[in-house]
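Engineer: 3D, please:
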Amino acid sequence: MTLSRRTLVAATAFLPVAGVAAATFSDAPGAAAAPTQPPIRPRADWAGTLAPKGPLEDEPDVRFLLVHHTQTPNTDTAEKIPGRLQSIYRFHTSAERGWADVAYNFFVDPFGTIWEGRAGSLTRPVMGDATGGSQGHALLCCFVGDHTAEPPTPAAMASMTNLLAWLAVREGLDLTGPVTFTSRGSNKWRKGAEVTTEQVAGHRDMSATECPGEALYPLVAGQLLPGARALLAPPTPIASSTPTPSPTPSPSGTPKPTPSASTPPTDPLRSGVDDVVVAAGGGLLLTGVSAALGLLSGRRGRRSAAEQVEQDHGPADPEGDEQADEEPDQRL
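Structural biologist: Numbers count the residues shown, from 1 in each chain. Coordinates of the predicted model:
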């Protein structure tokens, strides 16, 4: 008997009735999952009318994601975060730095809120800036806080992990291994140098700086990269076994025998399908469909099952304090 795909799909609707369990797999076995965009507060929520002071360019060749910290006090309350981001904007666009906008594409605060930083970053890969020079090929993701001695909060780590995974998908990064690119120049990598890095890296990997801090830097490779990579991994199959029915006692107390595999079929329409194991629905493993087909045939008379289905984001100068203190040696 030949079973059409539509017949099998319809038959699965009766599996709970027939007492048959199924094993489910992803629709595209081996394909990476596609994390959706996490909740991100748009730039307007912290910047208001603070617009970029010059043109911004898109990054044409994103190879990796770069993690920073603002090195600002860890005492900010949630209500002070917008003001903190505004003060970072004022420093980054001052004569001392001279950048057109905040340097980073995204901020993650200690409370787990993700904020759009440099204008346009929510929808496209906008080129960032960095102390010590920007060697290019990266999007910049920055923790709000000082992680020299104190690591980010669990909420911030979780949100950064989600942000990195989503950006990886958006920019076509697989996070599976190192990448190599030609530096556009920084105080660590001269222009034209060949640089190899993991696809999630810390600022100090690209510039002569202590950023993102001693307490955070090891977590970039130890937690953020593997965490984001795991979010891109194929889902693990969820399988369940077929339950073994217990004998039903007869009125006399004698158990009714369980039909053996040799028991001949009683319905000609079901003949030959009692032991069928069929793959259908792009990875749904079905077993024992004969019982479901039997229900179909019982309701529709002598027609075949196939025929039946065919019808049917504070202090005035946060990062400025940090950056000014370090400027002679440009630690950040």
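Engineer: spell out the residue ranges of the strands in this protein.
Structural biologist: Along the chain, counting by DSSP state E, strands occupy 40-41, 64-69, 106-108, 114-116, 138-143, 179-182, 194-197, 200-202, 277-280, 284-287.
Engineer: possible to save these as CSV with distance to Ala47?
Structural biologist: Where you see a C-beta, it was placed from the backbone N, CA and C, and this is true even at glycine. Below are the strands of the chain laid out as CSV (distance: least, C-beta to C-beta, whole Å):
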stretch, distance to Ala47
strand 40-41, 10
strand 64-69, 18
strand 106-108, 11
strand 114-116, 9
strand 138-143, 15
strand 179-182, 31
strand 194-197, 30
strand 200-202, 26
strand 277-280, 52
strand 284-287, 48
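Engineer: looking at the ones you listed, which is buried most?
Structural biologist: Comparing those on average neighbours per residue, with mean count of other C-beta atoms under 10 Å, the densest one is strand 106-108 at a mean of 28.
Engineer: what sits up against that strand?
Structural biologist: Contact with strand 106-108 is made by 40, 70, 85, 114-117, 121, 139-144, 152, 156, 159-160, 163, 167, 313, as judged by C-beta atoms under 8 Å, 6 or more residues apart in numbering.
Engineer: tell me how far the ends of stretch 73-81 are from each other?
Structural biologist: This stretch, stretch 73-81, spans 11 Å end to end (C-alpha to C-alpha, to the nearest Å).
Engineer: no wait, stretch 112-120
Structural biologist: 21 Å.
Engineer: list the neighbours of that stretch that are in contact with it.
Structural biologist: Counting by C-beta under 8 Å, 6+ apart, 38-43, 45-47, 51-52, 56, 78, 81, 85, 101-109, 122, 126, 128, 140, 142, 153, 155-156, 158-159, 162-163, 313 sit against stretch 112-120.
Engineer: does Phe181 touch Gly192 like I think?
Structural biologist: No: in this structure Phe181 lies outside contact range of Gly192 using C-beta atoms under 8 Å: 11.1 Å.
Engineer: now do the helices in the stretch 51-200 of the chain.
Structural biologist: Using DSSP state H, counting those that start in this stretch, the helices of the stretch 51-200 of the chain run over 81-92, 154-171.
Engineer: need the ones you listed in CSV (columns: distance to Gln223, mean pLDDT and mean neighbour count).
Structural biologist: Shown next, in CSV, are these (distance: least, C-beta to C-beta, whole Å; pLDDT from 0 to 100; neighbours: other C-beta atoms under 10 Å):
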stretch, distance to Gln223, mean pLDDT, mean neighbour count
helix 81-92, 23, 98, 22
helix 154-171, 7, 98, 21
